[in-house]
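> what would the 3D arrangement of this be:
(chains A and B)
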Amino acid sequence: MSEHAPINPAISVRDLVVDYGVRRILDGVSLDVPAGRIMVIMGGSGTGKSTLLRCMLGLKKPTSGSINVLGTNLAKASQKQLYAMRKQTGVAFQGGALFTSMSVAENIQLALREHTRLDENTIQIMTRIKLDMVNMLPHEHLMPSELSGGMTKRTALARALIMDPKLLFFDEPSAGLDPVTSAELDELILMLKNTLQMTIVVVTHELESAFKIADRITILGTGRVLESGTPQQIRTSPKPEIQALLNRKPRENVLDTDAHLRALMGEAPEPEDKA
Amino acid sequence: MSIVTKIENLGAGTLDVVEQAGRTFNLLLLVLWQLFQPPYRLYPIVRQVYFIGVRSLTVIVVSGLTIGMVLGLAFYNILERFASVNLLGAGVVLSVVRELGPVMTALMVVGRAGSAICAELGIMRISEQVDALECMAIHPDKYLVLPRVLAGLLSVPLLTAIFDFVAIFGGYFVGVIMFGMSDGAYMNSMIDILDWEDVRLGLVKSLIFGVLITLICCAKGYYMHLSKQGTQGAEGVSHVTTDAVVLASISVLFSDFIIGALMS
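Purely as a prediction, here's the structure:
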């Protein structure tokens, strides 16, 4: 697909506001995820990445604003519409969220058994195809407690792929993985986009991984979109917050321990601080 | 702590209790609705009947036998003073069938299976397994809660029947085998006194307890992310599990009185 071709957004978020009690977590977030592309959502801890992902999955109702996923406005969707949308999406959760009472193969087959009337033979074949895609075929009989971190993530990915979704979400796919496994997972994500033309949303902290796989990157900072664009646009952004994130610079006030402690204790800054 | 803070805490606590009761009732309505929605799967119910029913058999048989023997001993000593030991069977069977059978069975199921159900659902909630089900367009209330509540509805009355049978044998063992009273007297007094109304009362209680305890334990685990106790993770699971066992046990005892009063 050409970079200049007209692209319909698979996800369109407009003026999204999410409050948890009195705390505002997302404050007017707007973004588009073009169909068939990989969108990486980045940002520091507590910037609202996970909340944004939960809103896109329909797990959290926004306070205001709209989220349109594959033509369904999640803010106003009935449960039936929400579940119809979810049948076209797959999610690989950060910790895998595998069902511990089921084997690897049973985890993957669950959605097929619940939503289709396929015969047992077809279910087995489809399971094996997905397991083979993620290199988990030899481990189909293992229980989740017997899997390593990388195997858990790959199983979660196979489970997310079983219904051949149009849209795939990854929550921190590289978290807790060694560099080799992380790179393998990145290759797998790219393969899914290139071969199956899937739209993929990845929430991650990993800069290297993000720039390797992203078509577009959105960076969040305290509930707002700091920057959104291609990896090249993000790299050349003049905004100091973006450069601090890319260059892994610690925030200045974190280093000023004395001032921070004084502020916590409610004391006035020292005279020289005022100067 | 100032008086205002105390009143605020009391109000917040009351609101929390009302919210929890509302959520549990809402879950019951959801489960009833999902009962009639396809797909209809038997295997998850059978699996839960095995977990709640079959795996509780040992504890039910042991507690039934013990309680039957204790009842036999207590009634024998009392009836002996009135020269009415022939009524031992009647005393044991009425106590067991009307009250102790359903209540003790429910309490045993709460302790053995209810706590496990609550902890399992709580862990599924915090490890995003419930979210994963939702994202797979599988209704978690249908997939996780409905089979457990139906299994409770089926298992608890059956376990109660087993408890009753074993407890009556416990009384028989004490009266007839230990103290040498006539087995005919024991059996006849039992058959003469027992009415269908007594059996029906025990059955109704066990059906209600079966739904009540599984529903409370499911709701506590399922909604643990909404708990206002401010703890999540392992500590949160331990809190809600303790709460579930206490609440389910108290609900059994309280509803035992209510049902007894309404049906007597």
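> is it fair to say A:His205 lies in a helix?
No: under DSSP: H, G, I helix; E, B strand; the rest coil, A:His205 sits outside any helix and is assigned coil.
> list the contacts of B:Val166.
B:Ile60, B:Val61, B:Gly64, B:Leu65, B:Gly68 (Cβ atoms under 8 Å, 6 or more residues apart in numbering or on different chains). Every C-beta, even on glycine, is put in place using the N, C-alpha and C of the backbone.
> for the first one, give me phi and psi.
Right, B:Ile60. Dihedral angles of B:Ile60 (phi, psi; degrees, to the nearest 10) stand at phi -70, psi -40.
> my read is that it contacts B:Val156, right?
No: in this structure B:Ile60 lies outside contact range of B:Val156 using Cβ atoms under 8 Å: 10.0 Å.
> the two - which one has more neighbours?
Higher neighbour count among B:Ile60 and B:Val156: B:Val156, with 30 against 25, using other Cβ atoms under 10 Å in any protein chain shown.
> going along the chain from the host helix or strand of the more buried one, find the next helix or strand for me.
Using DSSP states H and E, B:Val156 sits within helix B:146-172. Note on helix B:146-172: by DSSP H and E, the next helix or strand toward the C-terminus is helix B:183-193.
> quick one: that next one to helix B:146-172, angle?
130 degrees (axes from the mean of the first three to the mean of the last three Cα atoms, to 10 degrees).
> buried stuff in the helix or strand following helix B:183-193?
The helix or strand immediately downstream of helix B:183-193 is helix B:196-222, counting by DSSP H and E. By 16 or more other Cβ atoms under 10 Å in any protein chain shown, the buried positions in helix B:196-222 come out as B:198, B:201-203, B:205-222.
> cool, stretch A:73-92 as well?
Buried-residue list, stretch A:73-92, by 16+ other Cβ under 10 Å: A:Leu74, A:Ala75, A:Ala77, A:Leu82, A:Tyr83, A:Met85, A:Arg86, A:Gln88, A:Thr89, A:Gly90, A:Val91, A:Ala92.
> from those residues, which shows the smallest pLDDT?
Among those, A:Ala75 carries the weakest pLDDT, at 86.
> flag every residue of the stretch 101-250 of chain B that's near chain A.
For the stretch 101-250 of chain B, the residues in contact with chain A (Cβ under 8 Å from any Cβ of the partner chain) are B:124, B:127-129, B:131-132, B:134-139, B:143.
> ok, residues contacting the helix or strand where A:Val202 lies?
A:Val202 is part of strand A:199-203, with elements assigned from DSSP H and E. With contacts defined as Cβ under 8 Å, 6+ apart, strand A:199-203 is touched by A:10-11, A:33-42, A:49-50, A:52-53, A:56, A:166-173, A:189, A:192-193, A:210, A:213-214.
> give me that answer again for 6 Å
A:10, A:33, A:35-36, A:38-41, A:49, A:53, A:167-171, A:193 (Cβ atoms under 6 Å, 6 or more residues apart in numbering or on different chains).
> and what of stretch A:214-226?
A:25-27, A:29, A:31, A:37-43, A:47-49, A:227-228, A:231, A:234, A:241.
> so which of these belong to strands?
A:25-27, A:29, A:31, A:38-43, A:227-228 (DSSP state E).
> in what helix or strand does B:Pro44 lie?
Per DSSP H and E: B:Pro44 is located in helix B:43-52.
> not including adjacent chain positions, what is the nearest residue to B:Asp16?
Nearest residue to B:Asp16 in three dimensions, chain neighbours excluded: B:Lys228, at 4.9 Å (Cβ to Cβ, 6 or more residues apart in numbering or on different chains).
> what's the burial count for that neighbour?
10.
> ditto for B:Ala234
11.
> what's the helix or strand for it?
Going by DSSP H and E, B:Ala234 is part of helix B:233-263.
> relative orientation of that helix and helix B:196-222 in degrees?
Interaxial angle of helix B:233-263 relative to helix B:196-222 (the same axes, to 10 degrees): 160 degrees.
> list the buried residues for helix B:233-263?
Quick answer for helix B:233-263 (16+ other Cβ under 10 Å): B:236-237, B:239-241, B:243-245, B:247-249, B:251-252, B:255-256, B:259.
> same question, stretch B:84-104
Neighbour-count burial for stretch B:84-104 flags B:85-104 (criterion: 16+ other Cβ under 10 Å).
> for stretch B:46-54, buried residues please.
B:Gln48, B:Val49, B:Phe51, B:Ile52, B:Gly53.
> now swap in stretch B:59-73 and tell me
B:Val59, B:Ile60, B:Val61, B:Ser63, B:Gly64, B:Leu65, B:Ile67, B:Gly68, B:Met69, B:Leu71, B:Gly72, B:Leu73.
> residues from chain A in reach of chain B?
A:Leu57, A:Leu59, A:Tyr83, A:Arg86, A:Lys87, A:Val91, A:Phe93, A:Ala97, A:Phe99, A:Ala111, A:Glu114 (Cβ under 6 Å from any Cβ of the partner chain).
> what score does A:Met1 have for pLDDT?
On pLDDT, A:Met1 comes in at 42.
> swap that for A:Glu252, sorry
A:Glu252 carries a pLDDT value of 61.
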